[in-house]
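Q: Pasting the sequence and the predicted model now:
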Amino acid sequence: MEADGLINLFVQLASTLYVVRSKPTADAFGLKIAVLMNRNWIALMTLLFGGVSLGNNARAEVIAVGMNAFPASSMVIDFTGLPLGLEVNGLTISGVRFDFTVGGTPLNEAVVLAGGTGGNNVSSPAITQTSLTNPPGILAVTLPSAVNLFGYGFGLLSTETTVANATSISAFSGTTLLGSVSFSGSRDPNFTGGFAGISSTTPFDIVALTFNQMAGPRPSSFSVDNLRFAAVPEPSTFLLVLGVAAVICCWRSRLRVRD
């Protein structure tokens, strides 16, 4: 939720409670309750608004996560039903756009839907590099809306037992880089592969994927499959809900005491 929307909500809540508290009180006990409510209101709103401000201004933290970090409601793209040989550069599926560039220049026919490397994380059809590029290309994924979680299965056409920095994910909010994380790969089971996933405290809408083409004695191509992404509520949203609930409970409890 944007800060302006939070401020407007605070104003509406303050106005509502002010009307209730401003009703004439018949005795000193009622006046005491009104004062206590006013103090609680100020304290809660100060804490809540301070927490929201900190949440909005906090620096983004991008970390690696496993597949179990993704909720059941996550959007998953596994390319089922799409024809083999379909060009990936410029392809849009369910609002997700894929772009493959080399040195900043879009390149066709280098990445298509094909059989892939197979294994536990990649199955046909999958995004598959059909020709090696120099320098290595970047697969950019533009999401339909901002998310906090993103991941995918990957494979490299390599038989190495372990490959360091097999793939990396860079998360962007618009053109602002939030952070990058690299992932190693292992035999899965015939070729090198694994799962790469990230979580960010700041929502992002673009990710750039890179792959280690020099994973063995000879250059290797990559495969990508089972993309998944999800949005989770920001900390400031949790604070808002908690603060509003606390205000309502305080208000109702004071009214019960007064009655």
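A: In hand now; what should we look at?

Q: which stretches of the stretch 51-200 of the chain form helices?
A: Read by DSSP state H, counting those that start in this stretch, the stretch 51-200 of the chain holds no helices at all.

Q: Residue 193 bridge partners, please.
A: Here residue 193 shows beta-bridge partners residue 155, residue 186, assigned using DSSP bridges.

Q: Please give me every residue in contact with residue 196.
A: Residue 196 makes contact with 64, 151, 152, 154, 167, 168, 169, 181, 183, according to CB atoms under 8 Å, 6 or more residues apart in numbering. Just so you know, the C-beta spots here come from the backbone N, C-alpha and C atoms, and that holds for glycine as well.

Q: separation between residue 178 and residue 147?
A: Computed as CB to CB, to the nearest Å, the residue 178 to residue 147 distance reads 12 Å.

Q: Compare the contacts of residue 196 and tell me which is most surrounded.
A: Among the contacts of residue 196, residue 154 has the most neighbours (other CB atoms under 10 Å), with 29 neighbours.

Q: Relative to residue 209, how far out is it?
A: 8 Å.

Q: List the residues that are in contact with both of the two.
A: 167, 224.

Q: just the contacts of residue 196 now: which is nearest residue 98?
A: residue 152 (11.4 Å; CB to CB).

Q: Looking at the closest one now. What's its pLDDT?
A: pLDDT recorded at residue 152 is 98.

Q: which residues touch it?
A: 195, 196, 197, 209, 224, 225, 226, 227, 228.

Q: Which of those residues sits closest to residue 75?
A: Nearest member of those to residue 75, counting by CB to CB, is residue 228, at 6.6 Å.

Q: mean confidence score for the helix or strand harbouring the closest one?
A: Assigned by DSSP states H and E, residue 228 belongs to strand 222-230. Taken as a whole, strand 222-230 carries a mean pLDDT of 98.

Q: Show me the beta-bridge partners of residue 150.
A: If you apply DSSP bridges, the partners that residue 150 bridges to are residue 198, residue 229.
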